[in-house]
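S.K.: could you look at this predicted model? Sequence included:
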Amino acid sequence: MARVVVALSGGVDSAVAAALLQDAGHHVEALFMANWAEDDDGYCTSAADFQDASRVCEELGIPLHKASFAREYRERVFARFLAELEAGRTPNPDVLCNREVKFGVALDYAGRLGAERFATGHYARKDGRRLLRGVDRAKDQSYFLHALDAGQLASAEFPVGGLRKAEVRRIARERGLPVADKRDSTGICFIGERPFGDFVGRWLPGRPGAIETPDGAVIGRHRGLERYTLGQRSGLGIGGRRGAVEAPWFVAGKDLARNVLIVVQGAEHPALLSMGVRAAAPHWIAGAPPAADFCCTMKLRYRQPDAACRVTHSDGVLDVRFDAPLAGAAPGQYVVFYDGEECLGGAAIMTLHPLEDACRTASRPAASSRRAAAATSTSRSTRSASPTSDGSPTR
């Protein structure tokens, strides 16, 4: 049997992963990663999570190691997160964390402990060096693992990937694990339960500016462009307007040159949709794309259903064309590709192919600022209150 180190987060998924490996006869040890300095933040739950991880290890009778990767996390994940926000893009730190920290420095650490395999509680599967979706489609986390390479996958184990969440909780209760009914954590781990804008304001004070409609009418003030995500509805502070249509407002663009937030009314407004994206720095798990021009399905965000697309690959840039208009695309996020159950890889979104109507509305700057058009970002994104909080489970 193999010597396996399990990344134990203090949640139920990684706890059951450890139990299943133990039941299979492997020598199991646990590793708790402290990726955020405790005294940095009152919202950090790391101390409580470590206590839960300790209780799980006591119940299973396995050793627990604790290692701090806070420096690596700040340098490789958090610094890029802030830089992307400042550039007007919508970052996803979970993808970087998996590649650089969990399956980077933590995997190396496990190797120094003598581990032959490194396991996590992710809902995903593998077939040799191929990454597959988790059986539970509602929890599948292959989107966040698409940037792993074949070598990282070769060392990885995903014991709960073939189970549904309800089965995981049932096993946890049957094994008497103290985290059997612990609530799943969601969103960005280092933000915790506080509003996204409040957290960002601590690190990026931002510059207040105008909120405008596509025709240039000023209807409010924003607190700094970094605090808002494209497609966002809540927290805009836009009241009712006399004579205006009664419909919710959504963020449709950011004019970085003028420091203006552009908003439109109605969830189906064409400025919130796109027909495709251009994406850079593609990563293919197999080492190369299936072809220079191919069709597959893709996701623009974690919980989005698959959508059909055509991908053209040229000089390290992907041109991705959707079969139908979609909401949810934003520069800085990832487009992730699938062939049936297999995750092929993904790429970072650079720009969008808007609908024609969108080009004539949100992506057109006010007449007084046409010279600033080149600096205007008019991407659309998921309609959440946080650029990166899409309900992604982190356990």
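M.R.: Received, thanks. Keep in mind that what you see is a predicted model, and the values were worked out from it rather than measured. Numbering: from 1, shown residues only.
S.K.: contact partners for Asp140?
M.R.: For Asp140, the contacting residues are Tyr123, Ala124, Arg133, Gly134, by C-beta atoms under 8 Å, 6 or more residues apart in numbering. For every residue, glycine as well, the C-beta is placed using N, CA and C.
S.K.: from those, which is closest to Val200?
M.R.: For those, the residue nearest Val200 by C-beta to C-beta is Tyr123; the value is 28.6 Å.
S.K.: give the next helix or strand downstream of the helix or strand where Phe144 lies.
M.R.: Assigned by DSSP states H and E, Phe144 falls within helix 142-145. Next along the chain after helix 142-145, taking DSSP H and E as the criterion, comes helix 150-155.
S.K.: any idea of the mean pLDDT for that following helix?
M.R.: For helix 150-155, mean pLDDT rounds to 93.
S.K.: which residues touch the closest residue to Arg55 other than its chain neighbours?
M.R.: Leaving aside its sequence neighbours, Arg55 sits nearest to Pro178 (C-beta to C-beta, 6 or more residues apart in numbering; 4.5 Å). If you count contacts by C-beta under 8 Å, 6+ apart, Pro178 has them with Asp52, Arg55, Val56, Glu59.
S.K.: neighbour-wise, give me the winner out of those.
M.R.: Val56 (29 neighbours; other C-beta atoms under 10 Å).
S.K.: ok, residues contacting stretch 289-299?
M.R.: Contacts for stretch 289-299 (C-beta under 8 Å, 6+ apart): 143, 282, 305-314, 320, 335-339, 344-345.
S.K.: just the buried ones from the residues you listed, in PyMOL syntax?
M.R.: In PyMOL, selecting the buried portion of those, with burial taken from 16 or more other C-beta atoms under 10 Å, looks like this:
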select buried, resi 143+282+309+311+313+320+335+336+337+338+344+345
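S.K.: sort out for me which of the contacts of stretch 289-299 are in strands.
M.R.: Among the contacts of stretch 289-299, the members found in strands (DSSP state E) are 282, 307-314, 320, 335-339, 344-345.
S.K.: kindly format the C-alpha coordinates of the helix or strand containing Ala15 as CSV.
M.R.: According to DSSP H and E, Ala15 maps onto helix 12-23. C-alpha atoms of helix 12-23 as CSV (Å, rounded to 0.1, in the frame of the first residue of the first chain):
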residue,chain,number,x,y,z
VAL,A,12,-15.9,17.2,5.7
ASP,A,13,-14.6,16.4,2.2
SER,A,14,-10.9,16.1,3.0
ALA,A,15,-11.8,14.3,6.3
VAL,A,16,-13.7,11.6,4.3
ALA,A,17,-10.9,11.5,1.8
ALA,A,18,-8.5,10.6,4.6
ALA,A,19,-10.9,8.0,6.0
LEU,A,20,-11.4,6.3,2.6
LEU,A,21,-7.7,6.1,2.0
GLN,A,22,-7.2,4.6,5.4
ASP,A,23,-10.0,2.1,4.8
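S.K.: and whatever helix or strand comes next after that helix, which strands flank it?
M.R.: Following helix 12-23 in sequence order, the next helix or strand is strand 27-34 (DSSP H and E). Strand 27-34 has the following strand partners under DSSP bridges: strand 3-7 (parallel), strand 64-68 (parallel).
S.K.: can you list those in a markdown table and add mean neighbour count and mean pLDDT?
M.R.: Formatted as a markdown table, those follow (neighbours: other C-beta atoms under 10 Å; pLDDT from 0 to 100):
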| stretch | mean neighbour count | mean pLDDT |
| --- | --- | --- |
| strand 3-7 | 25 | 98 |
| strand 64-68 | 16 | 97 |
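S.K.: now render those as JSON lines, adding distance to Pro289.
M.R.: Formatted as JSON lines, the strands paired with strand 27-34 follow (distance: least, C-beta to C-beta, whole Å):
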{"stretch": "strand 3-7", "distance to Pro289": "30"}
{"stretch": "strand 64-68", "distance to Pro289": "36"}
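S.K.: right, and these - which one's nearest Gly114?
M.R.: strand 3-7 (5.7 Å).
S.K.: what's the domain layout of this structure?
M.R.: Structural domains assigned to the chain are 3-174, 196-270+357-377, 274-354, following automatic domain parsing.
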